[in-house]
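Peer 1: Sequence and predicted model, in that order:
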Amino acid sequence: MKKSVIYSLAIGAGVWLLSACGGNTDTSNGKQSETTVQESATTDPSTLPVKEIEVNTTGNTMAEMKFDVTELHAAAGQKVKVTLHNKSVDEAMQHNIVFIKKGTGETVGIAGMQAGLSKNFTPDSPDVIAGSDMIGPGKSTTFEFTAPLEKGEYEFICTYPGHFTIMKGVFMVE
């Protein structure tokens, strides 16, 4: 009798574990519930839609120049499509947008000056995640990259000489 009670409890626990670990299935139509679909989407970045981001640069002097946003978001591993619009009119206002590891703005900005215009003032550095072409006033550029797999806070800056100290923001990977 004791053995049959133990077996019954073990079988009951096994059924409970299987139902707790399995996906939620709506038996009325045989489809997975939204919870299961959302969970799989957050665990597999390739199933996420491309995150489209538009950023404008404004200002016609060093004191006025800035990005129109200071915080951007994407999911870990998500494809990101960034379009940068240079809304400045002064020919001296050349800009790009470069996504970098947190806390590396000064290092990347200084190295960008050494990289020069031929490299869009973007250095070859493990601190650089991705960057756009350098564009003049009234121009736009679009590029794509994959957000880091590691969730956390990153940054974006303009690496045109001297701009990185003012033109910057936070890139949140969630």
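Peer 2: Yep, it's here.

Peer 1: pLDDT wise, what is P137 at?
Peer 2: pLDDT for P137: 97.

Peer 1: got the buried residues for stretch 48-61?
Peer 2: By 16 or more other C-beta atoms under 10 Å, the buried positions in stretch 48-61 come out as L48, K51, I53, V55, N56, T57, G59. (Each C-beta comes from the backbone N, C-alpha and C, glycine too.)

Peer 1: Let me have those residues in a markdown table, extended by secondary structure.
Peer 2: Below are the buried residues of stretch 48-61 laid out as a markdown table (DSSP: H, G, I helix; E, B strand; the rest coil):
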| residue | secondary structure |
| --- | --- |
| L48 | coil |
| K51 | strand |
| I53 | strand |
| V55 | strand |
| N56 | strand |
| T57 | strand |
| G59 | coil |
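
Peer 1: Using a markdown table, please lay out those together with pLDDT and distance to E174.
Peer 2: Below are the buried residues of stretch 48-61 laid out as a markdown table (pLDDT from 0 to 100; distance: C-beta to C-beta, whole Å):
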| residue | pLDDT | distance to E174 |
| --- | --- | --- |
| L48 | 91 | 11 |
| K51 | 97 | 11 |
| I53 | 98 | 14 |
| V55 | 98 | 18 |
| N56 | 98 | 23 |
| T57 | 98 | 25 |
| G59 | 95 | 30 |
